[in-house]
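*Asks:* Prediction below, plus the sequence it came from.
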2 protein chains.
Amino acid sequence: MEVIALKKLKVFLAIASSALILGGCGLGNLSSRPSSNNGTQLTGHANNSNYQSVIKHGHYLTSKSRGVDVQQDANQLNLKSFENGLLDLSKKEFPTNKYIFQEGQHISTKTTEHWLDRKSQNSQGLNPSGKETKVPLYLQQMDEQDFLTQHGKHLKLSGMTVGLGINSIYYYKKKKYGPTYKKSISNATVKAEGHKIGAKVLARLRRKPGLKHIPIVIGLYRQGSDDSLVGGNFFAYSVNKGSSIDGWKPIDERNYVFPSNSGDKGKHANDANDFSNFKSRVQNFFPNLSGVTAQAHYINGSLSGMHVNITTQFYSQTEIIAFTQYLQTAAKKYLPSGMPIDITVKSTEGVQSFLARKSGSKSFSAHVFNSY
Amino acid sequence: MEVIALKKLKVFLAIASSALILGGCGLGNLSSRPSSNNGTQLTGHANNSNYQSVIKHGHYLTSKSRGVDVQQDANQLNLKSFENGLLDLSKKEFPTNKYIFQEGQHISTKTTEHWLDRKSQNSQGLNPSGKETKVPLYLQQMDEQDFLTQHGKHLKLSGMTVGLGINSIYYYKKKKYGPTYKKSISNATVKAEGHKIGAKVLARLRRKPGLKHIPIVIGLYRQGSDDSLVGGNFFAYSVNKGSSIDGWKPIDERNYVFPSNSGDKGKHANDANDFSNFKSRVQNFFPNLSGVTAQAHYINGSLSGMHVNITTQFYSQTEIIAFTQYLQTAAKKYLPSGMPIDITVKSTEGVQSFLARKSGSKSFSAHVFNSY
């Protein structure tokens, strides 16, 4: 198998053991070069906002545990939101310019499945014993992220983040193929169960080889409801050196959907009003828009970013171009300034155009999807 | 109704007639301002590669004829490709910095429907009389684009482009709900029928009020087959001052799908090989890719742009980020240089990430779609 040395990437050649030995290729090596099957290298990073990741044996190293869930998560947004939130949490503790990202390699699919079980089904189960209809499943999903550092010729595991998704609403059936019932779980219970499960996970991880002394971050995520247009949110985390929790720090992050109910109050109600203004102007300008919604993300009570979704019934290329030009001006004028925002324009045929403003930028860049 | 004056847009106020009178608002006017119901304004243009378009009565002026087709076009790619090709053709004759674009307002939906009929069904029909099973429908779709110029306080119609989509394969049924049969139409016939229909359309347009003296461009498009992963192509056009065709100029544009059949020859076979190399490297690097294809566009025998489509079975956010980082480097290295290329990464959940290199640029910009 051939390994490709990417420009500006350090290329690592691994020996057969878990220790990875730095190969001879320096930075800026452009040429393809043959290598042993144990070749390990890194994806580049275009900027410091993302990690480099590990490529091993010519392939990207996929996660061992990811995709395992108590049941298929009905709300896919919880998955994406969970993974993104966990990555943001990791970036706080393991800066992207010092650490190399690796998909979780220490908690296997089987282990994840066992841990997500009820204790009555499996001695390792982290969910409580009891009847499906009476006792909620609290732990819904988990994900591991590994962080490596380069020491001389070695890549060494130097940190780990584990996310635990705790249900805020428990969905269950009284009989197979029957209707789905739901039961709200109070924030206090979500928190208490999260703390309890987090402590068990940390203790178990410390018993694994190689995980005795590295810092392990545990993040607790409150799952969004199945019918929400936005995922849940991380609400606490803990940075641990030993095998018991070093104390939980709260995370004040919330997601809202705009337009929101008129009964809403507080800071996000004002932002929702601004968004409604943008929405009505856009809808007034262009006929055939069937929906203008946004996901709004709040950190410590302040709006920190938005994903705007516009669905349209028109699909003529010239109309999409004109609409995108209009949005470029309208978004700058009516949407809140000083934060990253992106806008996706979709029709039944898929994504038609896309606008984005990066953090610190004033204008929106735009792209209209095209076809020959 | 309120009209919003956009920054750097000239705002036009129309009087009740079809003549549009330039209003008092100059460039750089940011504030919203009330206006009469007849307010007409322009979308801005971010750069010179696209036209400004007309907004009338607060709404975008949609096309009168667009979306009418002999039958629902089975291949949506023909629609998009046709509209884009027509716009490119228009840009040759009506430069974006001098002309303002307006969706076609002179050929009504009803007229379009009549013209697309067989002559036996409708006296205005441009398709030949005859049995469905024997005589092909040649004219499949048409589209009108209007070009305005600003004269003092007026916006005046100063040019028009009409595209005619001619079938290269005729699909028909022998009985209702029966199987679909197809019949190839030779390039010579496509050309001859296109010339004939184009001449009739021009003569008819000249009889309409306001269209007597403007330059009218007729573009002839050869429809792609229903099962193609790429649309058809424009093959001839004519720029006309009078009511008969001033001569047809050939357009040498072709679209191919990569990877292509190994039996292919010529210039595009070499490009297809390069693409296959890119494809196999990408697929070797990342597991779970289910497809890597491209639409390749040729002008005068040379590759002038590509749309690359990658479908993936993975969907973890961290995997998408790493994959996109990798693509940013691999695309620059393995895909042809010196032309615009974009790459869309899709999963069953929709578009996951997107990379683009503009004409004249060396590097790809990238965006990973996200969710809170």
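*Replies:* That came through fine.
*Asks:* following the host helix or strand of residue A:201, which helix or strand shows up next?
*Replies:* Assignment of secondary structure by DSSP states H and E places residue A:201 within helix A:187-206. Sequence order places strand A:216-222 as the next helix or strand after helix A:187-206, per DSSP H and E.
*Asks:* Against chain B - does that following strand have any residue that ends up touching it?
*Replies:* No - with Cβ under 8 Å from any Cβ of the partner chain as the criterion, chain B is not reached by strand A:216-222; the gap is at least 12.4 Å. All C-beta spots, glycine's among them, are computed from the backbone N, C-alpha and C.
*Asks:* Show me what secondary structure element comes after that strand.
*Replies:* With DSSP H and E, the next secondary element past strand A:216-222 is strand A:233-240.
*Asks:* pLDDT on that next one, on average?
*Replies:* The average pLDDT within strand A:233-240 is 98.
*Asks:* what helices or strands is whichever helix or strand comes after that strand leaning on?
*Replies:* Following strand A:233-240 in sequence order, the next helix or strand is strand A:249-250 (DSSP H and E). Secondary-structure packing of strand A:249-250 (3 or more Cβ pairs under 8 Å, 6 or more residues apart in numbering or on different chains; DSSP states H and E): strand A:233-240.
*Asks:* Please give the element, helix or strand, for residue A:54.
*Replies:* Secondary-structure element containing residue A:54, defined by DSSP H and E: strand A:52-56.
*Asks:* Touching the helix holding residue A:201 from outside, list them.
*Replies:* The contact list for helix A:187-206, computed with Cβ atoms under 8 Å, 6 or more residues apart in numbering or on different chains, reads A:106-107, A:115, A:126, A:138-139, A:142, A:160, A:162, A:164, A:166-168, A:185, A:211-212, A:216, A:218, A:220, A:222, A:235-236, A:238, A:240, A:242-245, A:248.
*Asks:* Direction-wise, compare it with strand A:233-240 and give the angle.
*Replies:* Angle of helix A:187-206 versus strand A:233-240, following axes from the mean of the first three to the mean of the last three Cα atoms, to 10 degrees, is 40 degrees.
*Asks:* Just want the angle from helix A:187-206 to strand A:216-222.
*Replies:* Using the same axes, to 10 degrees: helix A:187-206 against strand A:216-222 is 150 degrees.
*Asks:* Okay, buried residues for helix A:187-206 please.
*Replies:* A:190-191, A:193-195, A:197-199, A:201-202, A:204-206 (16 or more other Cβ atoms under 10 Å in any protein chain shown).
*Asks:* Filter the contacts of helix A:187-206 down to the buried ones.
*Replies:* Of the contacts of helix A:187-206, these count as buried by 16+ other Cβ under 10 Å: A:106-107, A:115, A:126, A:138-139, A:142, A:160, A:162, A:164, A:166-168, A:185, A:211, A:216, A:218, A:220, A:222, A:235-236, A:238, A:240, A:245, A:248.
*Asks:* residue in the stretch 101-250 of chain A nearest to chain B?
*Replies:* residue A:230 (5.5 Å; Cβ to the nearest Cβ).
*Asks:* Go ahead and confirm that residue touches residue A:295.
*Replies:* Yes - the pair residue A:230 / residue A:295 is scored as a contact, 4.7 Å apart, by Cβ atoms under 8 Å.
*Asks:* Now the common contact residues for these two.
*Replies:* In contact with both residue A:230 and residue A:295: A:255, A:256, A:257, B:371, B:372, using Cβ under 8 Å, 6+ apart.
*Asks:* Now do the helix or strand where residue A:344 lies: distance to the chain's middle.
*Replies:* Assigned by DSSP H and E, residue A:344 belongs to strand A:341-347. How far strand A:341-347 lies from its chain's middle: 19 Å, per Cα atoms, centre = their mean, to the nearest Å.
*Asks:* Show me what that strand is packed up against.
*Replies:* Using 3+ Cβ pairs under 8 Å, 6+ apart, strand A:341-347 sits against strand A:302-312, helix A:317-334, strand A:350-357.
*Asks:* how big is the angle separating it from strand A:302-312?
*Replies:* 20 degrees.
*Asks:* Okay, now the sheet partners of strand A:341-347, with direction.
*Replies:* Strand A:341-347 sits in its sheet next to strand A:302-312 (parallel), strand A:350-357 (antiparallel), going by DSSP bridges.
*Asks:* Show me the shaky parts of chain A.
*Replies:* A:1-39, A:43-48, A:66-74, A:261-265, A:314-315 (pLDDT under 70).
*Asks:* domain assignment for it?
*Replies:* Domains of chain A are assigned by automatic domain parsing as A:2-60, A:76-251, A:256-368.
*Asks:* which parts of the stretch 151-300 of chain A sit against chain B?
*Replies:* Contact residues, the stretch 151-300 of chain A versus chain B (Cβ under 8 Å from any Cβ): A:230, A:231, A:255, A:281, A:284, A:285, A:286, A:287, A:288, A:295, A:296, A:297.
*Asks:* Now the two most distant members of those.
*Replies:* A:231 and A:287 (32.1 Å; Cβ to Cβ).
*Asks:* higher neighbour count, these two?
*Replies:* Taking neighbours as other Cβ atoms under 10 Å in any protein chain shown, residue A:231 and residue A:287 compare with residue A:231 leading, 27 against 14.
*Asks:* Grab the nearest non-local neighbour of the more buried one.
*Replies:* Nearest residue to residue A:231, sequence neighbours excluded (Cβ to Cβ, 6 or more residues apart in numbering or on different chains): residue A:81, at 2.5 Å.
*Asks:* ok, now which ones touch that neighbour?
*Replies:* A:224, A:230, A:231, A:232, A:233, A:255, B:371, B:372.
*Asks:* Please spell out the PyMOL selection for the buried subset of the residues you listed.
*Replies:* A single PyMOL command is used to select the members of the contacts of residue A:81 judged buried by 16+ other Cβ under 10 Å:
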select buried, (chain A and resi 224+230+231+232+233+255) or (chain B and resi 371+372)
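*Asks:* farthest pair in the contacts of residue A:81?
*Replies:* Maximum distance among the contacts of residue A:81 (Cβ to Cβ): 12.3 Å, for A:233 and B:371.
*Asks:* would you list every one of the strands in the stretch 51-200 of chain A?
*Replies:* With strands called from DSSP state E, counting those that start in this stretch, the stretch 51-200 of chain A shows them at A:52-56, A:59-60, A:100-103, A:139-151, A:154-166, A:169-173, A:180-184.
*Asks:* wait, doesn't residue A:165 sit right on residue A:137?
*Replies:* No - under the criterion of Cβ under 8 Å, residue A:165 is not in contact with residue A:137, lying 10.8 Å apart.
*Asks:* Give me the neighbour count for residue A:88.
*Replies:* For residue A:88, using other Cβ under 10 Å, the count is 14.
*Asks:* for whatever helix or strand residue A:281 lives in, packing partners?
*Replies:* According to DSSP H and E, residue A:281 maps onto helix A:267-285. Under the contact criterion of 3+ Cβ pairs under 8 Å, 6+ apart, helix A:267-285 touches strand A:253-258, strand A:289-299, strand A:302-312, helix A:317-334, strand B:2-4, strand B:59-60.
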